[in-house]
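A.B. asks: Show me how the following folds:
(2 chains, ligands or ions: 2)
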Amino acid sequence: MTGVTLTAIRKTYGTRTVLADINMQLDQGELLCLLGPSGCGKTTLLRILAGFETPDSGQVVINGQDVSSLPPNKRRMGMVFQAYSLFPNLTALQNVRFGPRVRGLGTTSEQTKEAQRLLAMVGLAAHVDKFPHQLSGGQQQRVALARALAVQPDILLLDEPLSALDAKVRVQLRSEIRRIQREIGITTVFVTHDQEEALSISDRVAVMNEGHVLQMAAPAAIYRQPADAFVARFIGAGGVLAGRTSGATVRIGEIALPSDAAAAMPSGTEVEMFLRPEHVSLHDAPEGAPAGSVAAEVVDLTFFGSLSRIKLGLTGAPTGDDAGSGEIWADLSSAAAERFVPGTKVWASWPSGAPRVLAR
Amino acid sequence: MSATLSRSGGPRVGLGNWIIILACGLFFLVPLIVTGIFSLWEGGHSYGVSSYVLLIHSSGFWRSLLLSLQLAIETILLSFVLLVPAMIFVHLKAPKLKPLFEFIATLPFVIPAIALIAGLSTLYTGPNWLIGTPNYLVIPYFFLALPYGYRSIDVGLNTLDVKTLTEAGQSLGAGWGRIIVLILLPNMTAALVGATLLTLTIVMGEFTFASVLLFKTFAVFINDTGQNAVTEAAALSLFSFVLTWIAMLGVIVAGKRQRTRIGAR
Ligand SMILES: Nc1ncnc2c1ncn2[C@@H]1O[C@H](COP(=O)(O)OP(=O)(O)OP(=O)(O)O)[C@@H](O)[C@H]1O
Ligand SMILES: [Mg+2]
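C.D. replies: Ligands and ions are numbered 1, 2, ... in the order given. Here you go, the predicted structure:
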């Protein structure tokens, strides 16, 4: 039992390289999210795993068996699709029974019992005899999940299974998918372009862009130590500042921004500095502020309910294409943020270990 | 329920519209009623069902009716066996070929029957069980029914997300045969019933091919009867008309039932 290994997967459509040399290894029972912007190749990679697409080169090995040349119906996969995919002529129970039935797993009554058990597990014990059109979108996707699990697959593949659902159902269903996945211990690949979804349910996240996997790591590592500028920009929110290292600071013109990470690089390296909004504190006057605080002016304030996000422009920062966003963001509780109306002059500080600094 | 809805809340039908509906109704019904009365005429002032009784007891009636039904069933089977897999394939793997298929499917409309017969008799010189028996007619009938069969099945496929359903089936372990039989066909029953009944009415009413090729189908029998027994011909016309309308009604009912299932989301 070694899970899934992808080796040197390449896929092109015409002259367009959709997947360029993908290598990854999934452990047994792990939930991996493929996360990335639209068109980066997530679905294509999942479909290669499922057998619906053939890679130009490379290998798919599942539990030690090379399945690269097996058609989809011979692989042991469960798949949940983005579009509603239940068979309209069959009830929920018959849909779930379909896989065991065509694969000849067990007797009819065993199949029925198993289907009932799975439907109960996804919370639909009361709806077994309903047809798909009598179920809500969320319920249909639950049935689809039960149906995929009914064939006792080696791996479970989900392609944006929640994207057609409204926000509340989405959040509820994703944690249920995670609970069930843990309960069964099934190796799972979950495609999404919703980073919150990816970060909240995965063991590991693979961030993809333009056919490459840029970073594959635990959600916290992706968030705290993005491997490159794309991941840093794509995951979470925050200010991006372009400058040069100088000792334990990043300098933008005359302004020195404290950063431990800069000290580890040769002075004068061109870098981008990423600063998460939760790390930034604001002070009214330089007197109360910690050493190294920088002068800034409130540009904008966005209310998010319990939190508010304040955008700050650095006082005296150079402008131009090369300056990054030139902004710092700070998240404050809405009560504390109230007095920072746009135009207010403030001093901003952060722990010097907080910024992520990457060479440009 | 829908009846009460339209009575209370539906659009009101104005007097002008009623007149038009009435006029159309008369236009349709008067010939039928007159034909009906004529079919009951027994000469002089006497009316009765003797022409119907005569028909039922004539062996030509049953033989030709059964022959036409048999040909209809064969045509339907041939249409399904050829069209369904081909159209699913085009739908999934070669959607770019669709315009070509549509063009081919409309050709029977523009090629005259006589030209088809001439073409067929030079092309098919094959085994005797085919060209020596009425089964031969199934070939031209297939082409005659092609535009209708194609249209119906195309509509049926378009109402389904064929790609997702197929892939779902494959991921659950089903091969092509089971995907078509267990998933796709049951969800296009309206389309299939439509194709079946349209083909049935076409084959039941087709005269030219059968007549030229000298096979005694139902339409040929009606025509022959009309030559010497006019009241029976009227009874026959009425009978085949009713048959057609039952088939049409079947198409409508099947369409409605399916729509509540697939269209309700
Ligand atoms: N059958 C195909 N023929 C040609 N190009 C394709 C085909 N399938 C996908 N592509 C292209 O490959 C690229 C990657 O597609 P893919 O569907 O994998 O993206 P994705 O990451 O799933 O995006 P999304 O989030 O929008 O679903 C896209 O640019 C797409 O246009
Ligand atoms: Mg996709």
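
A.B. asks: Does A:Thr7 belong to a helix, a strand or coil?
C.D. replies: Classification of A:Thr7 using DSSP: H, G, I helix; E, B strand; the rest coil returns strand.

A.B. asks: Which residues are in contact with it?
C.D. replies: A:Asn23, A:Gly58, A:Gln59, A:Val61 (C-beta atoms under 8 Å, 6 or more residues apart in numbering or on different chains). No exception for glycine: its C-beta is placed from N, CA and C like everyone else's.

A.B. asks: What does the pLDDT read for the residue nearest the centre of chain B?
C.D. replies: By C-alpha atoms, centre = their mean, the mean C-alpha position of chain B lies nearest to B:Leu198, the distance being 1.8 Å. For B:Leu198, the model assigns a pLDDT of 88.

A.B. asks: contacting residues for the residue nearest to A:Glu278 when sequence neighbours are not counted?
C.D. replies: Nearest residue to A:Glu278, sequence neighbours excluded (C-beta to C-beta, 6 or more residues apart in numbering or on different chains): A:Asp331, at 5.2 Å. Applying C-beta under 8 Å, 6+ apart, one finds that A:Asp331 lies in contact with A:Pro277, A:Glu278, A:Val280, A:Leu307, A:Ser308, A:Arg309, A:Ile310.

A.B. asks: how much space between A:Asp331 and A:Asp194?
C.D. replies: 20 Å (C-beta to C-beta, to the nearest Å).

A.B. asks: Ok, B:Met87 next?
C.D. replies: If you go by C-beta to C-beta, the gap between B:Met87 and A:Asp194 works out to 37 Å.

A.B. asks: Start and end of stretch A:287-295, how far apart?
C.D. replies: 12 Å (C-alpha to C-alpha, to the nearest Å).

A.B. asks: what's next to it, contact-wise?
C.D. replies: A:249, A:255-258, A:283, A:286, A:314-316, A:345-349, A:352.

A.B. asks: Buried residues in that stretch, which are they?
C.D. replies: Using 16 or more other C-beta atoms under 10 Å in any protein chain shown as the test for burial, stretch A:287-295 gives A:Ala289, A:Ser293, A:Val294, A:Ala295.

A.B. asks: Let me have those in CSV, adding pLDDT as columns.
C.D. replies: Below are these laid out as CSV (pLDDT from 0 to 100):
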residue, pLDDT
A:Ala289, 84
A:Ser293, 90
A:Val294, 91
A:Ala295, 91
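
A.B. asks: Among those residues, name the ones in strands.
C.D. replies: Members of the buried residues of stretch A:287-295 lying in strands (criterion: DSSP state E): A:Val294, A:Ala295.

A.B. asks: out of the buried residues of stretch A:287-295, which one sits closest to B:Asp161?
C.D. replies: Of all these, A:Val294 has the smallest distance to B:Asp161: 55.2 Å, by C-beta to C-beta.

A.B. asks: rewinding a little: which ChimeraX command selects the buried ones in the contacts of A:Thr7?
C.D. replies: With 16+ other C-beta under 10 Å as the criterion, this ChimeraX line picks the buried residues out of the contacts of A:Thr7:
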select /A:58,61
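
A.B. asks: Let's see which of the contacts of A:Thr7 end up in strands.
C.D. replies: A:Asn23, A:Gly58, A:Gln59, A:Val61.

A.B. asks: ok, these vs B:Leu157, which is closest?
C.D. replies: A:Gly58 (34.0 Å).

A.B. asks: Pull the distance from the strand or helix carrying B:Leu71 to the chain's centre.
C.D. replies: According to DSSP states H and E, B:Leu71 maps onto helix B:59-93. Relative to the centre of its chain, helix B:59-93 is centred 10 Å away, using C-alpha atoms, centre = their mean, to the nearest Å.

A.B. asks: What are the buried residues along that helix?
C.D. replies: B:61, B:64-65, B:67-69, B:71-72, B:74-76, B:78-80, B:83-84, B:87-88, B:90-91.

A.B. asks: Which helix or strand lies directly C-terminal to it?
C.D. replies: helix B:98-110.

A.B. asks: Run through who's touching the helix or strand just after that next one.
C.D. replies: Going down the chain from helix B:98-110, the next helix or strand is helix B:113-123, by DSSP H and E. Contact partners of helix B:113-123, identified using C-beta under 8 Å, 6+ apart, comprise B:Pro108, B:Ile139, B:Pro140, B:Phe143, B:Thr208, B:Phe209, B:Val212, B:Leu213.

A.B. asks: And the residues you listed, which of them are buried?
C.D. replies: Here, 16+ other C-beta under 10 Å leaves B:Pro108, B:Ile139, B:Pro140, B:Phe143, B:Thr208, B:Phe209, B:Leu213 buried among the contacts of helix B:113-123.

A.B. asks: Least confident of these?
C.D. replies: B:Leu213 (81).

A.B. asks: so that residue sits right up against B:Asn135, yeah?
C.D. replies: No - using C-beta atoms under 8 Å, B:Leu213 is not in contact with B:Asn135; the gap is 11.2 Å.

A.B. asks: Poorly predicted segments of chain A, please.
C.D. replies: A:1-2, A:319-325 (pLDDT under 70).

A.B. asks: can you list the residues of it near chain B?
C.D. replies: Counting by C-beta under 8 Å from any C-beta of the partner chain, the positions of chain A adjacent to chain B are A:50-52, A:71-74, A:77-79, A:81, A:83-89, A:98-99, A:102-103, A:131-133, A:144, A:147-148, A:150-151, A:157.

A.B. asks: Kindly write the PyMOL command that selects the buried subset of these.
C.D. replies: To isolate the buried ones among the residues of chain A next to chain B in PyMOL, judged by 16+ other C-beta under 10 Å, type:
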select buried, chain A and resi 50+51+52+72+73+77+78+79+81+83+84+85+86+87+88+89+98+99+102+103+131+132+144+147+148+150+151+157
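
A.B. asks: which of the residues in stretch B:100-109 are buried?
C.D. replies: B:Phe101, B:Ala105, B:Pro108.

A.B. asks: Return the member of the residues you listed nearest to ligand 1.
C.D. replies: B:Phe101 (20.8 Å; C-beta to the nearest ligand atom).

A.B. asks: Chain A: helices as residue ranges?
C.D. replies: A:42-50, A:92-103, A:108-121, A:137-149, A:167-184, A:195-201, A:219-224, A:229-234, A:260-263, A:334-337 (DSSP state H).

A.B. asks: Alpha carbons only: can I get the host helix or strand of B:Thr196 in CSV?
C.D. replies: B:Thr196 belongs to helix B:189-205 when assigned by DSSP H and E. Included here for helix B:189-205 are C-alpha records, laid out as CSV according to Å, rounded to 0.1, in the frame of the first residue of the first chain:
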residue,chain,number,x,y,z
THR,B,189,-37.4,7.2,-23.7
ALA,B,190,-39.4,10.2,-25.0
ALA,B,191,-37.1,10.5,-27.9
LEU,B,192,-37.2,6.8,-28.6
VAL,B,193,-40.9,6.6,-28.4
GLY,B,194,-41.1,9.6,-30.6
ALA,B,195,-38.8,8.1,-33.2
THR,B,196,-40.7,4.8,-33.0
LEU,B,197,-44.1,6.2,-33.5
LEU,B,198,-43.0,8.6,-36.3
THR,B,199,-41.4,5.8,-38.1
LEU,B,200,-44.5,3.6,-37.5
THR,B,201,-46.8,6.2,-39.1
ILE,B,202,-44.4,6.7,-42.0
VAL,B,203,-44.1,3.0,-42.8
MET,B,204,-47.8,2.4,-42.3
GLY,B,205,-48.7,5.1,-44.8
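
A.B. asks: Could you tell me how far that helix lies from the centre of the chain?
C.D. replies: Per C-alpha atoms, centre = their mean, the centroid offset for helix B:189-205 relative to its chain is 3 Å.

A.B. asks: Check the gap between the nearest residue to B:Thr196 once chain neighbours are set aside and B:Val220 for me.
C.D. replies: In this structure, B:Thr196 finds its nearest non-sequential neighbour in B:Ile76, 5.3 Å apart by C-beta to C-beta, 6+ apart. According to C-beta to C-beta, B:Ile76 and B:Val220 sit 20 Å apart.

A.B. asks: again, but for A:Gly138
C.D. replies: Taken as C-beta to C-beta, the span from A:Gly138 to B:Val220 is 60 Å.
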